[in-house]
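Student: I would like to see how this sequence folds:
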Amino acid sequence: MHPHIQLLLKCIDLEEKEQVSRYSLGTSSLRSLKAEGLALHPIIVTRKSFGYAEYPEISFRLSFPAETNQFRDGAAIECFITNEEPVKGMLLSLEGKNGEFRLFAPDFPDWIEDDGVGIKLAPDTRTTQIMKDVLKGLEKDKKVYKLFEELHGSQKEPATIAPLKTNLNYQNRHLNESQQKAVAAILENEEIVIVHGPPGTGKTTTLVEGIVQLVKAGQKVLVSAPSNTAVDNIAKGLIRQNLVVLRVGNTNKVDETIFSHTPEGKLSNSKHQKEIKQLKIRAEEFRRMALKYKRSFGRAEREQRNLLFQEVKNIRGEIKKLRVYNEEKLFAEAQIILGTPIGLYDAGVDHLHFQSLVIDEAGQCIEPLAWCIFPLADKYVLAGDHWQLPPTVVSNDAARLGFNRSILEIAIEKKSNIHLLDTQYRMRQAIAGFSSHYFYNGLLQTAAHLVNTGKHITFIDTAGSGFSEIHGPDGTSLQNEGELRIALKLIQDASLDSSRTAFISPYSGQVTAAKEVLPQPMRISTVDSFQGQEKENIIVSLVRSNDEGVIGFLKDYRRMNVAITRAKEQLYVIGDSATIGADVFYNALLTYIEQYGEYRTVWELEVV
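Tutor: Got it, this is the predicted structure:
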């Protein structure tokens with residue numbers, strides 16, 4: 001077995017063990033899990049229904065402000081209550097205090113509406129098992145294994161400068177030259193092409209045009225991204241092009257536009273769907289009859305209950321067969337099928353022939369997930385930015401071994417067919433300038449209408465103010481109450497519209513505290529959760545302020561690249577120059593702001 005496959009398998013084991021340890025109620029108290037943002041308890045169940053594949057689905061709300069940043073769509077969870085066996089499931093959505101999850105069980109647990117029900121993050125054993133199985137069988141697929149060896153060999157592919165045919169009949173007439181070249185490269189791709197899209201450079205626009213051109217050339221295309229949000233984003237762009245699009249996987253919370261392009265949406269008015277509806281009604285009748293027998297009953301009642309539940313199971317089996325039969329036709333007819341890597345793996349499309357696979361946000365995709373879907377297509381397009389945040393990995397040991405290196409980061413080191421989108425359309429030139437110089441070798445230009453000489457970036461220095469970092473009440477994440485007071489003063493003094501302003505911080509403790517202080521409906525988020533988003537005005541709270549100059553994970557400069565490239569008009573950074581200034585990166589940032597922006601002290605704001 002290839003040494004790197006062995007390394008990846010070791011990393012998966014380390015990640016799984018760390019998840020088991022971190023998320024377990026056996027090794028941690030419920031209070032500490034809640035404090036670390038790993039459990040939501042108690043929840044109030046607001047609705048129960050049977051959804052995709054007849055799994056029980058539960059809507060809930062929180063009656064308290066909670067740290068929810070780690071509860072991402074698609075996360076593995078367990079629903080629990082004291083003294084009962086927890087039930088495994090998946091988080092479908094969580095926005096504000098309202099959420100929804102699916103249970104991998106034939107029915108709702110008896111205790112689901114009792115007081116004291118909660119959900120917590122759980123080890124994603126299913127995904128880890130799929131990744132292990134795929135890696136162990138990788139050598140059997142000669143073509144894919146050859147690519148694996150190339151990406152993990154010692155040589156970088158020699159650069160070849162082949163002229164690209166940029167005189168295509170573009171659907172989108174507004175593409176700039178770098179976008180046109182990327183589209184041409186996607187169309188002429190023979191193995192793997194990389195579209196490097198820094199913040200605001202129109203990566204999705206470029207990919208949509210590239211996929212349109214592939215379909216026009218007669219290709220069947222598979223599209224993936226590590227998050228459902230990213231999949232839906234590109235799906236909307238493709239739907240607008242009137243292509244035959246099929247979105248598979250976790251489509252529970254998609255909007256109406258996308259729902260009509262899911263298997264369920266496409267089949268909603270079909271003859272077979274009416275048949276499925278009748279079967280569901282029958283199953284629900286048998287289920288209600290079975291539930292008349294409560295927890296304590298005799299042997300005869302137990303047997304009757306089991307027979308009724310068996311009938312429910314049989315009917316659901318019929319529903320599944322009908323659904324698979326109907327979906328097969330949709331898979332065959334679709335020009336483009338979209339889903340997350342696991343969503344596509346589960347969809348059972350491996351018997352279909354896809355010429356191209358496009359992975360968006362590939363900088364967030366851990367390597368083994370990519371190998372789960374690479375065998376499904378002949379050629380690959382990886383799009384993203386390896387200078388933004390890497391994939392989230394729980395195990396520090398696995399991260400040290402490189403498990404948090406994305407498929408994009410790995411491919412960009414060995415492949416030469418790389419196309420940089422070189423013009424950003426999001427932010428004022430002064431905001432983009434530092435990132436362009438530090439991360440993109442000065443190659444990132446700003447669209448002409450965003451170039452001006454105004455002050456669009458401000459640093460508020462708290463040095464000497466006594467606004468020190470402290471551990472939050474849970475003892476886990478850091479907060480800085482003084483920086484929150486500054487943020488509030490900024491909002492008032494500059495009359496910032498809270499609906500067009502976001503407050504972001506690397507520290508979840510500061511985010512939790514900010515939700516109690518700052519005006520609504522302001523978006524308040526960790527930097528990690530805000531990747532891919534933008535606002536007119538952004539306030540960044542760095543939090544760190546100590547005599548030792550310790551800056552913790554502010555050292556991950558890619559996180560700061562995300563933080564300082566979200567604002568369109570005004571970027572405010574609040575921090576302690578005495579703490580961060582000794583670091584080369586932050587020293588360069590402070591120097592840049594002094595030159596091209598506005599440098600203010602906390603004393604000027606009269607907050608001290």
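Student: going forward, measure contacts and count neighbours with C-alpha atoms only.
Tutor: Will do.
Student: where in the protein is pLDDT low?
Tutor: 27-28, 52-53, 160-162, 166, 251-253, 269-272, 293-297, 473-476, 608 (pLDDT under 70).
Student: Which helix runs longest in it?
Tutor: Ranked by residue count, the top helix of the chain under DSSP state H comes out as helix 299-333.
Student: Mind listing what's buried along that one?
Tutor: Under the neighbour-count criterion of 16 or more other C-alpha atoms under 10 Å, helix 299-333 has 302, 305, 308-309, 311-313, 315-316, 319-320, 323, 326-327, 330-331 buried.
Student: Now do the helices in the stretch 101-250 of the chain.
Tutor: 125-136, 142-151, 177-188, 203-216, 228-239 (DSSP state H, counting those that start in this stretch).
Student: quick one: contacts for residue 533?
Tutor: residue 566 (C-alpha atoms under 8 Å, 6 or more residues apart in numbering).
Student: and it, how far is that from residue 38?
Tutor: According to C-alpha to C-alpha, to the nearest Å, residue 533 and residue 38 sit 24 Å apart.
Student: Could you do residue 387 as well?
Tutor: From residue 387 to residue 38 the distance is 28 Å (C-alpha to C-alpha).
Student: Regarding residue 582, what is its secondary structure?
Tutor: Using DSSP: H, G, I helix; E, B strand; the rest coil, the structure places residue 582 in coil.
Student: burial measure for it, as a count.
Tutor: 13 (other C-alpha atoms under 10 Å).
Student: How much space separates the residue lying closest to it once chain neighbours are set aside from residue 461?
Tutor: With sequence-adjacent residues excluded and distances taken as C-alpha to C-alpha, 6 or more residues apart in numbering, residue 582 is closest to residue 549, at 7.3 Å. For residue 549, the distance to residue 461 (C-alpha to C-alpha) stands at 15 Å.
Student: Of those two, which one has the most company?
Tutor: Using other C-alpha under 10 Å as the criterion, residue 549 and residue 461 rank with residue 461 on top: 21 against 16.
Student: beta partners for the more buried one?
Tutor: residue 575, residue 601 (DSSP bridges).
Student: where's it relative to residue 482, distance?
Tutor: 11 Å.
Student: same deal with residue 466?
Tutor: Distance from residue 466 to residue 482, by C-alpha to C-alpha: 8 Å.
Student: go on, residue 562?
Tutor: Using C-alpha to C-alpha, residue 562 is found at 23 Å from residue 482.
Student: Repeat that for residue 469.
Tutor: 9 Å.
Student: Quick one: the strands in the stretch 301-450 of the chain, in order.
Tutor: 336-339, 354-359, 377-384, 418-420, 423-424, 445-446 (DSSP state E, counting those that start in this stretch).
Student: Next, work out how far apart the residue most central in space within the chain and residue 279 are.
Tutor: Note on the chain: the residue nearest the mean C-alpha position is residue 227, at 3.9 Å, using C-alpha atoms, centre = their mean. Distance, residue 227 to residue 279, using C-alpha to C-alpha: 33 Å.
Student: what helices or strands is the helix or strand residue 571 falls within leaning on?
Tutor: Per DSSP states H and E, residue 571 falls inside strand 567-575. Here strand 567-575 touches helix 429-439, strand 457-461, helix 481-493, strand 535-541, going by 3 or more C-alpha pairs under 8 Å, 6 or more residues apart in numbering; DSSP states H and E.
Student: Which residues in the longest one does the neighbour count mark as buried?
Tutor: This means helix 481-493. Neighbour-count burial for helix 481-493, with 16+ other C-alpha under 10 Å as criterion, is recorded at 481-488, 490-491.
Student: Specify the angle between it and strand 567-575 in degrees.
Tutor: 140 degrees (axes from the mean of the first three to the mean of the last three C-alpha atoms, to 10 degrees).
Student: by contact count, what packs against helix 481-493?
Tutor: On a contact count with 3+ C-alpha pairs under 8 Å, 6+ apart, helix 481-493 meets helix 508-517, strand 535-541, strand 567-575.
Student: what would these look like in JSON lines with distance to residue 108?
Tutor: Formatted as JSON lines, the helices and strands packed on helix 481-493 follow (distance: least, C-alpha to C-alpha, whole Å):
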{"stretch": "helix 508-517", "distance to residue 108": "32"}
{"stretch": "strand 535-541", "distance to residue 108": "41"}
{"stretch": "strand 567-575", "distance to residue 108": "44"}
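Student: Those: which one's closest to residue 238?
Tutor: The closest of the helices and strands packed on helix 481-493 to residue 238 is strand 535-541. By C-alpha to C-alpha, the value is 24.3 Å.
Student: Report the strands that pair with the closest one, each with its relative direction.
Tutor: strand 501-505 (parallel), strand 567-575 (parallel).
Student: looking at those strands, which is closest to residue 137?
Tutor: Closest among the strands paired with strand 535-541, using C-alpha to C-alpha: strand 501-505, at 41.8 Å.
Student: now the angle from the closest one to helix 508-517?
Tutor: Using the same axes, to 10 degrees: strand 501-505 against helix 508-517 is 150 degrees.
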